[in-house]
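Trainee: Got a predicted model here, sequence first, then my questions.
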Amino acid sequence: MKPDRIVDFIYDEVAALDEMRWEDWLSLFHEEGRYWMPLEWKQQDPIMQPSLMYEDRLLLTVRVERLAGERTFSQKPKSRCHHLLERPRILSLGEGDGVCKARTSFVYTETRGDQLERYSGWVSHHLVEENGALRIKLKRIDLINFDAPFGNLQLFI
Amino acid sequence: MDRYRGNAKAIRDLVKGYAVHRDTYVDKEIFDLEMENLFPNTWVYVGHASQLKNPGDFITSKIGHQPILISRHRDGEIYVLHNRCPHKGVKIASEACGNTGKFFRCPYHAWSFKTDGSILAIPLKKGYEGTGFDTQAASEGLARVRNVKVYRDFIFARLADNGPSFEEYFGESLSTIDNMIDRSPEGKLEIIAPPIRYMHQCNWKMLVDNQTDTCHPMVAHESSAGTAVSVWEREKHKFTETPMAVQLYAPFMSPYEFYEGAGIRVWPNGHGHTGVSGSIHQDYDDVSEYMARMEASYGPERAREILGDVRHNTIYMPNIMVKGPVQILRNFIPLAVDKTLVESFVFRLVGAPDKIYERSLMYNRFINAPTSIVGHDDLEMYERAQEGLHSDGNEWIDLHRLYEADEQRDANEVVNGTSERQMRNQFYAWSKFMTLGMDEPVEAAE
Ligand SMILES: [Fe+2]
């Protein structure tokens, strides 16, 4: 795998989120893909330790359809988001197991109405190639303040 | 000018039963009086003994606005202490939990205290000789909270010297905590992970009210649970079994009739619960091995009885909610009249299969996290209400649903599950503990 392909994929992925192309974003996930936000520092286990989110495609689809729902009152007005990424650090080009890995520093902004919230941390991507395209096996978001109490975080980091 | 301080009648007039005045949610003075009266006068949950396994272990907590330190002493006893140095008032422990070793040491001037709160050493001790220091409260170390009860590992404290005993205050409502503990084949719960924390820009009582509000899920959560159901209906042909996630979301869309039949029980002093005969937690898949272990511990009949009690949300006044069937405790921590920190803890059932803990953790992140779609629905409603209540168009919050004019305060009754009776029950108790002792002449209060 060429490093540039991984880097381009990561920038394109957050562009889909920033432009609110939710269906396009969902399609970047592998059938077995997971979105994970741990609740502990260097957390090892997404299931037997508490997480903020650990969701498969079915649950991510629920979130995406909910955002467009006529009776989704927490989206009146709608939220918007912005991702600012540092250049991804490539941790694996997938030699051997076919899983490309990258870790990227981010600043994420989510706004709704007059409110604006900022979050910082690191996003880790595990990507696999399927029918010539990269797909997300795991997207992991480690916030610097995972243990702090937030208000509603409604979109996707 | 104070409108409510020292004026028990004005406070009681805010609670009519079928309605409560909006000042209970938006008035700063009322909030201050809740911190000064309501919280000190009631038995407040401050932690769980499993968080204090070893001598020197401590956790920090709050009762109203007051910082509290709970400590395991070397004699095995748990001490509930005021978390402030008797010298300059510095908080002795600043972290949520930890182990302090053999003693606490104030980081400011190195006064040190045994883990039961008593003074171990003060630097430059000679300087206190002959000053009268030894006759003052400061010489006794960290002030102890005198009224403490550790009930089956649940630690409660009452700051006020006078008031109802623990047993009198909770009475039969302890049956929910009992049931949650009994769900462990070893009769033991433990907290082994941090809580999910969630900040709410609303009054703490909005959260308390919501726990027994059975007329909102099918409305407010149509966006989350309703969407989960519709996505599942479309996608289920791809699955061989119903995922745990769908089992947790779908019951939120149960119709009014379901909640009506499930019932609400009220107890004296504002405690009460939904889901008397059935609840949204009743139809989860059996977890393999669990029943066998429960039967081995309790016998088949008692095991079925324990697991058949699927009560939904139990409110313990003033500010916790317990969910026995998914082993969750939510602590509604008031920070300001319009600001509440919610900490949701999951207990592990000691001796039960891992799958049970996995399911409880999943429920907690689906419903109680700042990233929960169900949570998004609820918080939106609370925050809109916190703003809406500033309207002078109507100063009252309506609680008429299934109100009866001869309704008894401090009753032990089961009523229709869509009644607003438990919210009224909470406010009857609120009124009582806000004004406890206020009418007494000054001499008698000594
Ligand atoms: Fe709700």
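Mentor: Ah, there it is. Residues are numbered from 1 along each chain as shown, chains lettered A, B, ... in the order given.
Trainee: Only C-alpha atoms from now on, for both contacts and neighbour counts.
Mentor: OK.
Trainee: which residues in chain A form helices?
Mentor: In chain A, the helices defined using DSSP state H lie at A:3-18, A:22-26, A:57-67.
Trainee: Against which helices or strands is the last one packed?
Mentor: Under the contact definition 3 or more CA pairs under 8 Å, 6 or more residues apart in numbering or on different chains; DSSP states H and E, helix A:57-67 sits against helix A:22-26, strand A:29-38, helix B:227-235.
Trainee: any idea how far the shortest one is from the chain center?
Mentor: Which is helix A:22-26. Mean C-alpha position of helix A:22-26 versus that of the full chain (CA atoms, centre = their mean, to the nearest Å) differs by 11 Å.
Trainee: same check, this time on stretch B:187-195
Mentor: 15 Å.
Trainee: now stretch B:190-204
Mentor: Using CA atoms, centre = their mean, the offset of stretch B:190-204 from its chain centre is 10 Å.
Trainee: Next, the buried residues of it.
Mentor: B:190-191, B:193-204 (16 or more other CA atoms under 10 Å in any protein chain shown).
Trainee: ok, and of those, which contact chain A?
Mentor: Applying CA under 8 Å from any CA of the partner chain to those, one finds that B:A193, B:P194, B:P195, B:I196, B:R197, B:Y198, B:M199, B:H200 fall near chain A.
Trainee: Quick check: chain neighbours aside, which residue is closest to the last one?
Mentor: Spatial nearest neighbour of B:H200, chain neighbours left out: B:T340 (5.0 Å); criterion: CA to CA, 6 or more residues apart in numbering or on different chains.
Trainee: Any chance of the backbone angles for the one you found?
Mentor: The phi/psi pair for B:T340 (degrees, to the nearest 10) reads phi -140, psi 130.
Trainee: Turn the ones next to chain A among the buried residues of stretch B:190-204 into TSV, columns for pLDDT.
Mentor: Output for those, formatted as TSV (pLDDT from 0 to 100):
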residue	pLDDT
B:A193	97
B:P194	97
B:P195	98
B:I196	98
B:R197	98
B:Y198	98
B:M199	98
B:H200	98
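Trainee: These into JSON lines, with extra columns for distance to B:K236 and secondary structure?
Mentor: Below are those laid out as JSON lines (distance: CA to CA, whole Å; DSSP: H, G, I helix; E, B strand; the rest coil):
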{"residue": "B:A193", "distance to B:K236": "33", "secondary structure": "coil"}
{"residue": "B:P194", "distance to B:K236": "34", "secondary structure": "coil"}
{"residue": "B:P195", "distance to B:K236": "33", "secondary structure": "coil"}
{"residue": "B:I196", "distance to B:K236": "30", "secondary structure": "strand"}
{"residue": "B:R197", "distance to B:K236": "33", "secondary structure": "strand"}
{"residue": "B:Y198", "distance to B:K236": "32", "secondary structure": "strand"}
{"residue": "B:M199", "distance to B:K236": "35", "secondary structure": "strand"}
{"residue": "B:H200", "distance to B:K236": "35", "secondary structure": "strand"}
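Trainee: Pipe those residues into JSON lines and attach distance to B:A10 per row.
Mentor: Formatted as JSON lines, these follow (distance: CA to CA, whole Å):
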{"residue": "B:A193", "distance to B:A10": "44"}
{"residue": "B:P194", "distance to B:A10": "41"}
{"residue": "B:P195", "distance to B:A10": "38"}
{"residue": "B:I196", "distance to B:A10": "38"}
{"residue": "B:R197", "distance to B:A10": "35"}
{"residue": "B:Y198", "distance to B:A10": "33"}
{"residue": "B:M199", "distance to B:A10": "31"}
{"residue": "B:H200", "distance to B:A10": "28"}
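Trainee: and of these, the nearest to B:L38?
Mentor: Ranked by distance to B:L38 (CA to CA), these are led by B:H200 at 20.7 Å.
Trainee: okay, now A:E86: neighbour count?
Mentor: Number of residues near A:E86 (other CA atoms under 10 Å in any protein chain shown) recorded here: 13.
Trainee: cool, and B:P251?
Mentor: Residues near B:P251, counting by other CA under 10 Å: 21.
Trainee: again with B:G127
Mentor: Counted with other CA under 10 Å, B:G127 comes out at 10.
Trainee: Check B:C215 too.
Mentor: 17.
Trainee: what sits against it?
Mentor: B:Y256, B:Y259, B:T418 (CA atoms under 8 Å, 6 or more residues apart in numbering or on different chains).
Trainee: Give me the nearest residue to the second one, chain neighbours excluded.
Mentor: When you say that, I think you mean B:Y259. Looking at B:Y259 with CA to CA, 6+ apart, the closest residue is B:G417, at 5.2 Å.
Trainee: Columns mean neighbour count and mean pLDDT on top of the helices of chain A, output as CSV?
Mentor: Formatted as CSV, the helices of chain A follow (neighbours: other CA atoms under 10 Å in any protein chain shown; pLDDT from 0 to 100):
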stretch, mean neighbour count, mean pLDDT
helix A:3-18, 17, 98
helix A:22-26, 16, 98
helix A:57-67, 20, 98
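Trainee: For the longest strand along chain A, which residues meet the burial criterion?
Mentor: For chain A, the longest strand by residue count, based on DSSP state E, is strand A:115-130. Residues of strand A:115-130 classed as buried by neighbour count (16+ other CA under 10 Å): A:Y119, A:S120, A:G121, A:W122, A:V123, A:S124, A:H125, A:H126, A:L127, A:V128, A:E129.
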